[in-house]
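A.B. asks: Make a model of this:
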Amino acid sequence: MSRDRIHRVGIGTDLHRLAPGHVLRLGGVEIPFDLGLLGHSDGDVVCHAVIDAICGAAGLPDIGDHFPDTDARYKGCNSGALLSKIVEEIAGLGYAVVNVDVVIGAERPKLTNYKQAIGRSLAGRLGIEPGCVGVKAKTGEGVGAVGRGEAITCTAVVGLTRRET
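C.D. replies: Modelled structure (predicted):
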């Protein structure tokens, strides 16, 4: 490990209710489904968890401070664009994302066929290789809001690096 680099790790989580009349977008990938995520923005729990993980690793305030749900500018916005803004912000501080690992909790739809697309989408937004993104999907085994199919959740862990000045 080089002495001129600083490595930091952050964790983020998010959960949104499923509701009719909304688009289901996870990690920037639109997934055909009869329900979507309810939120001020598009409710993309994957992007939201990754944003919070990046903010935590960089020592920045969380997603709610950056993009408050009281601000009309973010109503219905694509969360991938918010993720790109955070990546630009940390780049200005000298940080770069090294890797990200996400675990999506969803009873349905089954996400097996979307994990690679989600990984590629995140890699593109983060400026890293797809091999530096891990995407896993788990069910709720019938337990809790996720298990009853009422919500989708995501937990993300992000590694950052910064050149020491």
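A.B. asks: Could you use CA atoms for every contact and neighbour count after this?
C.D. replies: Will do.
A.B. asks: Any regions of this structure where pLDDT drops low?
C.D. replies: 1-4, 164-165 (pLDDT under 70).
A.B. asks: What's the separation between the spatially most central residue of it and V87?
C.D. replies: Residue closest to the average C-alpha location in the chain (C-alpha atoms, centre = their mean): C47, at 2.4 Å. Taking C-alpha to C-alpha, to the nearest Å as the measure, C47 falls 12 Å from V87.
A.B. asks: cool, Q116 as well?
C.D. replies: Distance from Q116 to V87, counting by C-alpha to C-alpha: 21 Å.
A.B. asks: can you pull out the helices in this protein?
C.D. replies: Assigned helices in the chain, in chain order: 45-58, 63-66, 79-92, 115-126, 144-147 (criterion: DSSP state H).
A.B. asks: got the angle between the first one and helix 79-92?
C.D. replies: Yep, that's helix 45-58 we're talking about. 10 degrees (axes from the mean of the first three to the mean of the last three C-alpha atoms, to 10 degrees).
A.B. asks: how about G27, what does it touch?
C.D. replies: G27 makes contact with 44-47, 80, 118-119, 121-122, according to C-alpha atoms under 8 Å, 6 or more residues apart in numbering.
A.B. asks: Export those residues as a markdown table, with columns for distance to R148.
C.D. replies: Output for these, formatted as a markdown table (distance: C-alpha to C-alpha, whole Å):
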| residue | distance to R148 |
| --- | --- |
| D44 | 19 |
| V45 | 17 |
| V46 | 19 |
| C47 | 23 |
| G80 | 27 |
| I118 | 23 |
| G119 | 26 |
| S121 | 28 |
| L122 | 27 |
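A.B. asks: Closest one of the residues you listed to L111?
C.D. replies: I118 (9.7 Å; C-alpha to C-alpha).
A.B. asks: neighbours around the closest one, how many?
C.D. replies: By other C-alpha atoms under 10 Å, the residues close to I118 number 24.
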